[in-house]
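# Next come a sequence and a model predicted from it.
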Amino acid sequence: MQERYNEAAPLPSHKKPITVTQMGVIMALAVIACVGGVALLLFSGGEEGGETAVSPAQPAIVPAVNAEAIALGQTVFETNCVACHSVGGGVRLGPDLAGVTARRDADWLSRWIAEPDAMLAEGDPIATELLAEFNNIAMPNLQLSPDEVASVLAYLEQPTALATLAEAAPSTAGKSLPATDTVAPAVADAVSIVRNPTDLPAPITARTPQHRVVEMTAIEVEGQLADGTTFHYMTFDGQVPGPMLRLRVGDTMELHLHNQMESLLPHSIDLHAVTGPGGGAVFTQTAVGETSIFEFKALQPGLYVYHCATASIPHHISSGMYGLILVEPEEGLPPVDHEFYVMQGEIYTEQPFGTEGHLTFSHEKALDEDPEYYVFNGAANALTLDEYAMRAEVGDTVRIFFGVGGPNKSSSMHLIGEIFDRVYDQASLTAPPLTDVQTTLVPPGGATMVEFTLDVPGRYILVDHAISRLERGLVGFLYAEGDENPEIFSGSGEPDASGH
């Protein structure tokens, strides 16, 4: 962040009736082969491919397929395309691709997958019609190789072929089928996307309102989700959460949102601090390589969430596109010794929690609100690492700006071993804070501000007290250093024996 001041209808099916002559031949063959009890297979064509009538005595017969190409195509599709398309699952951001190889010419499809940007620039009529039909959101150029394009077409032509072959295993004895549930290796040069909780702007001192120019960039990146595990993140400025924005009431922000040329998808921003339709999203649907600009005035103090609002919104948010914007009251906030910036999110992967390799996003799990990972600041167990753990001294006052990007789950924010002196419920900075609070609820798309004083040294553990989520990556550490205080806390137990 930089900031400055002042498809055509499906083809019809055709079934060929069995003639009298053919029936006679069939019956003759049946008589000849009756001792063996041979069952005859009758074939008829279905709407999008053949259906086969099968005798119980015989294994299923399936069309010859290039299983390796289809498996590669499925991997490419699930890695790059599933955010916008399904195959038989209905329309998403783009059309459902079930039966598309029957509806579109093969040469047209090959080129459309390889270079949609060029076809749109040339004014291809089908491409132009699709663009208008699907909200003027252009299909990105995925930079696929010719082999990858061919494999995607093979998969789209026979998307269920591998499953059918697996069911027909007796007829494929001696041949090994490619696994469809294998995981690609972890990306070797994946980067840390974790935003350090100390990375936030300084408090605003008393001043008159200002016009502020803020530049943010939508960056898609292969990031480290856990040890040995990587994931395709979508971010604001390359980290999760996005940069914390800080204003005071009366300030005007001019926000420039860039979308990197390397991105696969368009992106936008909806700031809950904005008064106006879409929170800015109506002005910032930003195509790859472009920049959008809009301006708003901060009218009400509070701590607000912002997030990407480009469909599929749950995909963009859960992949890391969220952050906080603080609008301070005119008089500012009371000073404290330490401020920290923490956000909770969910990550939905096709693969189970703990799988090593490069994991892929699961649209179905997102719809079912069934995440595999829960994270603070973007990655599993990120805030337990020495590099990102929060640190303070005994006697220090601490403020945590806490938000839930979600997109679906609420948080029961709790710091094990501490009691919040003040909780600014629902992130309201104008209502009197709650006092002496153990656990506070924060909804998805919501935030809170908590303050407390550290009286005893040791390691304090930040959790969501839906505590099973701790075992799916949702945990952070706050270390307090200083002298022991036996008048407040003492004992003779073994710390290592604690479940904490």
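Cool, the structure landed.

# neighbours around Arg422, how many?
Residues near Arg422, counting by other CB atoms under 10 Å, number 17. For glycine as for every other residue, the C-beta is placed from the backbone atoms N, C-alpha and C.

# name the element it belongs to?
strand 420-424 (DSSP states H and E).

# who are the neighbours in contact with the residue nearest in space to the middle of the chain?
Centroid check for the chain by CA atoms, centre = their mean gives Ser319 as the closest residue, at 2.9 Å. The contact partners of Ser319, taken as CB atoms under 8 Å, 6 or more residues apart in numbering, are 231-234, 347, 361.

# Under the pLDDT cut-off, which ranges of the stretch 351-500 of the chain? List them.
For the stretch 351-500 of the chain, the stretches flagged by pLDDT under 70 are 494-500.

# how about the helices in it?
Counting by DSSP state H, counting those that start in this stretch, the segments of the stretch 351-500 of the chain that form helices are 363-367.

# now the chain
When secondary structure is read from DSSP state H, the chain shows helices at 20-32, 67-80, 100-103, 106-114, 116-122, 125-133, 146-157, 161-167, 313-318, 363-367.

# any idea how far the residue lying closest to Phe236 once chain neighbours are set aside is from Ile269?
Excluding the flanking residues, the one nearest Phe236 by CB to CB, 6 or more residues apart in numbering is Gly242, at 3.0 Å. Gly242 sits 9 Å away from Ile269, going by CB to CB, to the nearest Å.

# Neighbours of Thr284, how many?
Burial of Thr284 is recorded as 27 neighbouring residues (other CB under 10 Å).

# Would you check that it makes contact with Ser268?
Yes - with contact defined as CB atoms under 8 Å, Thr284 reaches Ser268; the gap is 4.3 Å.

# hey, what's in contact with both of the two?
Residues touching both Thr284 and Ser268 (CB under 8 Å, 6+ apart) are 257, 292.

# how far away is the closest residue to Glu364 other than its chain neighbours from Ser151?
Using CB to CB, 6+ apart and skipping the chain neighbours, the partner closest in space to Glu364 is Gly89 (7.8 Å). To Ser151, Gly89 is 20 Å away according to CB to CB.

# What is the burial count for the spatially closest residue to Gly445 that is not a sequence neighbour?
Spatially, and ignoring its direct neighbours in sequence, Gly445 is nearest to Val305 (5.2 Å; CB to CB, 6+ apart). A count of neighbours around Val305, defined by other CB under 10 Å, yields 27.

# Model confidence for Val305, exactly?
Looking at Val305, its pLDDT reads 98.

# what comes up buried for the longest strand along the chain?
Ranked by residue count under DSSP state E, the longest strand found in the chain is strand 211-226. Of the residues in strand 211-226, 212-226 count as buried by neighbour count, 16 or more other CB atoms under 10 Å.

# likewise stretch 254-270?
Applying a neighbour-count criterion of 16+ other CB under 10 Å, one finds 255-259, 263-270 buried in stretch 254-270.

# Export those residues as TSV, with columns for pLDDT.
As requested, the buried residues of stretch 254-270 are arranged in TSV below (pLDDT from 0 to 100):
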residue	pLDDT
Leu255	98
His256	98
Leu257	98
His258	98
Asn259	97
Ser263	93
Leu264	92
Leu265	93
Pro266	94
His267	96
Ser268	97
Ile269	98
Asp270	98
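
# ok, Leu462 to Asp396 distance?
According to CB to CB, Leu462 stands 16 Å off from Asp396.

# The two - which one has more neighbours?
Leu462 (25 against 16).

# Just give the nearest non-adjacent residue to that one, would you?
Nearest non-adjacent residue to Leu462, counting by CB to CB, 6+ apart: Gly476, 4.0 Å away.
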